[in-house]
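Trainee: Here is my input, please return the structure:
(3 chains)
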Amino acid sequence: MAYLQVRDIAKRYGAVTALAGVSFAAEKGDIVALLGPSGCGKTTLLNLIAGFFAPDAGDIQVAGRDLAGVPPHRREMAMVFQSYALFPHMTVADNVGFGLASRRMKKSERTPLIAEALAAVRLADYGERYPAALSGGQQQRVALARALVLRPSLLLMDEPLSNLDTLLRKTMREEVRDIIKRTGVTAILVTHDQEEALAVADRILLMNGGRIEQEGAPEEIYERPRTVFGARFMETTNFIPAQAAGRAGNALVLDTPIGRLHATHGEAEPHGPLTVSVRPERIRLADSATSATPEQNRVTGTVRSSTYLGTLYRLHVAVGEEMLVAHVPVADKMREGDTVHLTWPASETLVLTGGEAALPAPPPAERVP
Amino acid sequence: MKSAGVVIAAGGPGNRAARYGRFAALLGPALIFYAVFFIVPHVFVLWSSLTPAKHLTLSAYVDFFNSATNLATLWRTVRLSLWTTVGTLVVGYPLAVYLTQPWRRGRTLVTFAVIAPMLVSAVARSYGWIVILGSNGLLSRAMHILHIPGPDHLLYTEPGLVIALVHVFLPFMTLAIAGSLQQIHPSIPRAARIHGASRARTFLRVVLPLSMPGVTAGAAIVFCITASSFVTPALIGGTTIPMMSYVIYNDSILLLDWPSAAAAAIVLLVATIGIVVSYTLWSGRFAVANA
Amino acid sequence: MRDDDKRGFGLAVYTTVMTALVLLPIVIVLLISFTASEYIVFPPPGLSLEWYRAVLSDPQWTDSLWLSLEIAALVTGFSLALGVPAALALRGRGGVLAASAQTLFLSPLMVPTIIIGFSLLRVFSMMNIAASALTVAAGQTILAMAYVMRLVLASLAGVDPRLENAAAIHGSGPWRTFWTVTFPLIRHGIIIGALFAFIVSLDDVNIALFLSDVRTSPLSVTLFSYIEQNADPLGAAVSSLLVLIAVVLLAIADRMVGIGWLFGIRDGRSR
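Mentor: Purely as a prediction, here's the structure:
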């Protein structure tokens, strides 16, 4: 059985369903990201795992131990909070040693562990300072040290990097992953930032409306979203409504407003409304001689706008009633009104369940209880 | 958190002189009012306490401290104020905790109950306490029924007065503590819980220390207003156990001995401010650099 | 099973008991005011409105009541007119001058109120100023204004200066910015400040005792002197009238802004 086992967890707040039966598992040493927009239930799920809230249904097990009724302080977990939640009235060293002291460890035993933890986050000389005297990035690392010094059964992280500025956030991603991997702790990361999930996690649970929309390795979540929501969240653009129209070899044939397209992956025989998607960077410009094949899709359109982005041009191309976005090398400079032929492989064509109309309304403001 | 910017708008984009003009226009009337009706009279009281005769002398103070009755009253005032402060702290802290837990039932009613005494005249509340504490009052009857031995009434006794004073000044303490508890982000106690602290330890090591600014502020204000309270001691304590405010009232209005009343006022002022300032400094030693 | 931070049955019991105890003296006064008895007996042997009739038909009491309301209105007006501009001037200002001014304005909350009354009496009598509604109002304004300043400064602290800067950058002058941005955001503080000013004046004895005479004695002072001398249910009826006025004012303020604001207690599940 997996190290962390979450089964059919449900939680309601009054009339609002925060979680509607969520299950997942994590192996020891994994970093699992709970990814989704505000209000998707990811923070609630984390708080349930921490034991701050009790689930209405379902159970949570760590290393075979059922945690129902176990109060937070007996779960042997640790957590990095969104605003770090460092104790403002304690020094950095006391903050880091807090959990050890809670476990009644003697001061003489604590001191070397605190020093070691602070050294691990490159704050060896900061033990006597107060949190208010540290920068955001330093506070973040203190929070991490306070958690990791406990060798927790599970490390919980609630948007740990969201309070940092963009540049620092990017370097901290690698550093956080590095530190966690070195200690070998199993970690759950809650985030709304897809890049952060991709960079830090081993597995990603994409959540939407209190359910898990898709689960998989970062590459899979990024490259192979299964739903329109997933694709949107992974910042895919270009969505074209489609109908399945049979098969050609191992490719699915799709009728769309911009013509017949082929896709070589996705569910065998999808039913109902579908959406076809392709990432802008997968689209190439073709010359007029090539023609569509089951391996290669091809459409013709008119350039509506061309934006210079330094390393590439972003083209908006009108194809019939649809608008496609394509990223092309700067060498292929295009002007507005030019006729262009766009081509992309059937293997890069995503078939998503749900039509454009199935897109969820913008999520309500996050209900953090 | 520090505010992110300075208000340009209130100061306006005008030049320095214009901004100072606006500052003075806003602040001036209040400053003048305070100077005339607050500072000058206090200075005047200090002056008249030093000039019982035509020249400067400390004789009014010497007389005050030579009177065993006055010293007993001063000591009683300090003692009862301390007891009242401790009483409001013990009674009020749990109420403040309750008020700051959003999920609690009937918070509106409790909020109302906590402020109600603040908005109801001290005379009216003291009247209620006369009925409860008086001879054959509710309390002595209840004690009789429960076979608890005790005096037949608590009116005109120090314990009775402290009970009434705690009731009167409870809102100030509760609100001060609630204000400070409200500042504690909920993730802070949660951080203690998830890192292994029991509920008791979370309270003692995290919540309580972080609420100390509220406790200090509440204690300072309760001590001050108790030491200078007049209505409740006059009605519940009567003339048998007078407090300092009664001495000032008695010397001035009834005996028309202005220098004595002024000296008593200055002694009360210095005693309360002295105790509060030293307490605040002492408790400040434990405050942390979490500004 | 309950969420981790939603425990504490003991605290709920304690709070219930304490809430009852806190309200008890006030409830007793209300009950006794309706007694049919000549004496203070609890519980009342029978109910009547006799004591209210006695109060409201006696000009000594009714004059006193109207005077009290007049003084309270004056105090509310004075303390808002002086306190709100001063709070605006001091807002977010560092420096020794501003800090001392703020300490000065808030100090009447700590200085014994009886000394405020006593010291003003000395000055007024030196200058041969006779006791009147105005002398009482001047003294009480010192105390009431401290409450107004505190509440208004507290609500100003919650106003992000960037909002006003945004108004300014988009062409709004200081006056317009105040009325369209600042004032709506500090309405709470001003209304609750007015409530406190009115009630501080209505309930004050310590200051008014020194600054009024027999003809200009407000209700709280008249009542205080009466209770000192007499033990009958009439005092309860007058006390109940004071309670009633406070409750009505509180209800009005609650209607306008929500009284919970006062304690920084937000509604619903905050955070």
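
Trainee: Residues of chain A that sit close to chain B?
Mentor: A:50-52, A:71-79, A:81-83, A:85-90, A:98-99, A:102-103, A:130-133, A:146-147, A:150, A:156, A:158 (C-beta under 8 Å from any C-beta of the partner chain). For the C-beta atoms, the positions are set from N, CA and C on the backbone; glycine is no exception.

Trainee: Just the buried ones from the residues you listed, in ChimeraX syntax?
Mentor: Buried subset of the residues of chain A next to chain B, written as a ChimeraX selection, criterion 16 or more other C-beta atoms under 10 Å in any protein chain shown:
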select /A:50,51,52,72,73,75,76,77,78,79,81,82,85,86,87,88,89,90,98,99,102,130,131,146,147,150,156,158
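
Trainee: Which parts of chain A are helices?
Mentor: Counting by DSSP state H, chain A has helices at residues A:42-50, A:92-102, A:107-120, A:136-148, A:166-183, A:194-200, A:218-223, A:228-233.

Trainee: swap in the stretch 51-200 of chain B?
Mentor: For the stretch 51-200 of chain B, the helices defined by DSSP state H, counting those that start in this stretch cover B:59-66, B:68-99, B:107-119, B:122-133, B:138-145, B:158-182, B:187-194, B:199-202.

Trainee: mean pLDDT for the helices of chain A: which is lowest?
Mentor: Among the helices of chain A, helix A:228-233 carries the lowest mean pLDDT, at a mean of 87.

Trainee: where does the stretch 251-369 of chain A have low pLDDT?
Mentor: A:265-270, A:289, A:355-369 (pLDDT under 70).

Trainee: cutoff 50 now
Mentor: Scanning the stretch 251-369 of chain A for pLDDT under 50 picks out the ranges A:357-369.

Trainee: And for the one residue in the stretch 1-150 of chain B that gets nearest to chain C, the neighbour number?
Mentor: Closest contact between the stretch 1-150 of chain B and chain C, by C-beta to the nearest C-beta, is at residue B:128 (2.8 Å). The local packing of residue B:128 (other C-beta atoms under 10 Å in any protein chain shown) involves 26 other residues.

Trainee: Quick check: the gap between it and residue A:340.
Mentor: Separation of residue B:128 from residue A:340 (C-beta to C-beta, to the nearest Å) stands at 88 Å.

Trainee: repeat for residue A:81
Mentor: According to C-beta to C-beta, residue A:81 stands 50 Å off from residue A:340.

Trainee: again with residue C:216
Mentor: Following C-beta to C-beta, the distance that separates residue C:216 from residue A:340 is 93 Å.

Trainee: Kindly report the same for residue B:37.
Mentor: Taking C-beta to C-beta, one finds residue B:37 at 83 Å from residue A:340.

Trainee: Quick check: residue A:144 touching residue A:177?
Mentor: No: Residue A:144 is beyond contact range of residue A:177, at 11.3 Å (criterion: C-beta atoms under 8 Å).

Trainee: Pick out whichever of these two has more residues nearby.
Mentor: Neighbours were counted for residue A:144 and for residue A:177 using other C-beta under 10 Å; residue A:144 has more, 26 against 18.

Trainee: if I pick that one, what's in contact with it?
Mentor: By C-beta atoms under 8 Å, 6 or more residues apart in numbering or on different chains, residue A:144 lies in contact with A:80, A:121, A:160, A:176, A:179.

Trainee: pLDDT score for the spatially closest residue to residue C:60 that is not a sequence neighbour?
Mentor: Nearest residue to residue C:60 in three dimensions, chain neighbours excluded: residue C:222, at 7.1 Å (C-beta to C-beta, 6 or more residues apart in numbering or on different chains). Turning to residue C:222, the model gives it a pLDDT of 92.

Trainee: ditto for the one 4 residues further on
Mentor: As summarised for this prediction, residue C:226 has a pLDDT of 91.

Trainee: Within the helices and strands, which one has it?
Mentor: Here residue C:226 sits within helix C:219-229, counting by DSSP states H and E.

Trainee: Run the angle between the helix or strand following that helix and helix B:107-119 for me.
Mentor: With elements assigned by DSSP H and E, the helix or strand that comes after helix C:219-229 is helix C:234-257. Interaxial angle of helix C:234-257 relative to helix B:107-119 (axes from the mean of the first three to the mean of the last three C-alpha atoms, to 10 degrees): 130 degrees.

Trainee: wait, does helix C:234-257 contact chain B?
Mentor: Yes: applying C-beta under 8 Å from any C-beta, one finds helix C:234-257 in contact with chain B at C:235, C:236, C:239, C:240, C:242, C:243, C:246, C:249, C:250.

Trainee: Which helix or strand in chain B has the lowest average pLDDT?
Mentor: The weakest-scoring helix or strand in chain B, judged by mean pLDDT, DSSP states H and E, is helix B:138-145 (a mean of 77).

Trainee: List of residues touching that one?
Mentor: If you take C-beta under 8 Å, 6+ apart as the criterion, helix B:138-145 is touched by B:131, B:132, B:133, B:149, B:150, B:151, B:152, B:153, B:154, C:28, C:42.

Trainee: would you turn those residues into a markdown table with neighbour count?
Mentor: Shown next, in a markdown table, are those (neighbours: other C-beta atoms under 10 Å in any protein chain shown):
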| residue | neighbour count |
| --- | --- |
| B:131 | 22 |
| B:132 | 23 |
| B:133 | 24 |
| B:149 | 6 |
| B:150 | 11 |
| B:151 | 13 |
| B:152 | 13 |
| B:153 | 16 |
| B:154 | 24 |
| C:28 | 22 |
| C:42 | 17 |
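
Trainee: Need the residues you listed in CSV (columns: distance to chain A and pLDDT).
Mentor: Shown next, in CSV, are the contacts of helix B:138-145 (distance: C-beta to the nearest C-beta, whole Å; pLDDT from 0 to 100):
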residue, distance to chain A, pLDDT
B:131, 44, 85
B:132, 41, 86
B:133, 41, 85
B:149, 44, 73
B:150, 43, 71
B:151, 45, 72
B:152, 49, 71
B:153, 46, 75
B:154, 41, 78
C:28, 39, 90
C:42, 44, 73
